[in-house]
Each structure stands twice: as structure tokens, then as C-alpha cells.
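K.L.:
here is my input, please return the structure:
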Amino acid sequence: MMDEQANKVLELVVFKLKAGVTPEQLLGAVDAVSEWAGRQPGFVSRDLSYSSKDDKWIDVVWWRSLKDAQSAAHAAETSTECAPMFGLIDHESMLMLHGEPATAPASH
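P.N.:
Numbering: from 1, shown residues only. All right, here's what the predicted structure looks like:
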């Protein structure tokens, strides 16, 4: 199990919505992006969370390799399936990071 966890790359995207965009609008566009991501080489999983305290969305995607993560991020820029969701995001607020595990995963 540790080898499987160690051989994944995290993609973390934190963002706010554009002024006037509702959470419901975002949630209506999420499934198309998840389906698109699921067809990309190296996709493992995706979770979207919301911080009401900070009014920020937290998108967590796992990939098999950094190359897979970077290739998908590049392809997403011109994807017609991703465009509706990306159009709702305040890109000035967006933080996107890729990281490889630094320690063994902890779980309960």
C-alpha cells in the first residue's frame, strides 16, 4: 500500500468563484471536469471541498506521475469540457500546486 501511495502526485487547486457566480453553478460544471480528468492518462482520483470560512474551493486531484499531472493541466487549458467550470473561477485568486509525497501516508 505504501508503494502505491508513494507513487502518486498531488494536484492541489485552491480558488474563489468570480463575483456573482453561485456555488450551484460551479457544482453544475464539476462532473464534466471529473469525467474529462478520468479519461486522462495517470488519473487516480478527484475530490472537491469548500471552505465556507474562507469562501474558497479546494480541488484535490491525484495522478500517477508528475508528467501525467502536468500533461493533464496543459490539456485542460484548451478542453471544451473544462471551459465551463474554468469560466466560473476567479483566476486571480487561484493557487495551483503539484507535489510528490514527502512522507509515508498516515491513516486511521
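K.L.:
not counting sequence-adjacent ones, nearest residue to residue 59?
P.N.:
Nearest residue to residue 59 in three dimensions, chain neighbours excluded: residue 13, at 4.1 Å (C-beta to C-beta, 6 or more residues apart in numbering). C-betas here are computed from N, CA, C, even on glycine.
K.L.:
same deal with residue 10?
P.N.:
The spatial neighbour of residue 10 that comes closest, neighbours along the chain excluded (C-beta to C-beta, 6+ apart), is residue 99 at 4.8 Å.
K.L.:
separation between the residue nearest to residue 59 and residue 107?
P.N.:
Between residue 13 and residue 107 the computed distance is 23 Å (C-beta to C-beta, to the nearest Å).
K.L.:
which residues are contacting stretch 53-64?
P.N.:
Here stretch 53-64 makes contact (C-beta atoms under 8 Å, 6 or more residues apart in numbering) with 7-17, 26, 37, 41-51, 69, 72, 93.
K.L.:
could you pull out the strands in the protein for me?
P.N.:
Defined through DSSP state E, the strands belonging to the chain, from first to last, are 9-17, 43-51, 56-63, 89-99.
K.L.:
what comes up buried for the third one?
P.N.:
Within strand 56-63, the residues scored as buried using 16 or more other C-beta atoms under 10 Å are 56-57, 59, 61-63.
K.L.:
just give me the closest of those residues to residue 89.
P.N.:
Top of the list for closeness to residue 89, among the buried residues of strand 56-63 and by C-beta to C-beta, is residue 57 at 8.2 Å.
K.L.:
more neighbours: residue 13 and residue 107, which one.
P.N.:
Between residue 13 and residue 107, counting by other C-beta atoms under 10 Å, residue 13 is the more crowded of the two (17 against 6).
K.L.:
okay but residue 98 is in contact with residue 9, surely?
P.N.:
Yes. Between residue 98 and residue 9 there is a contact at 5.9 Å, judged by C-beta atoms under 8 Å.
K.L.:
between those two, which contacts overlap?
P.N.:
Counting by C-beta under 8 Å, 6+ apart, the residues touching both residue 98 and residue 9 are 66, 69.
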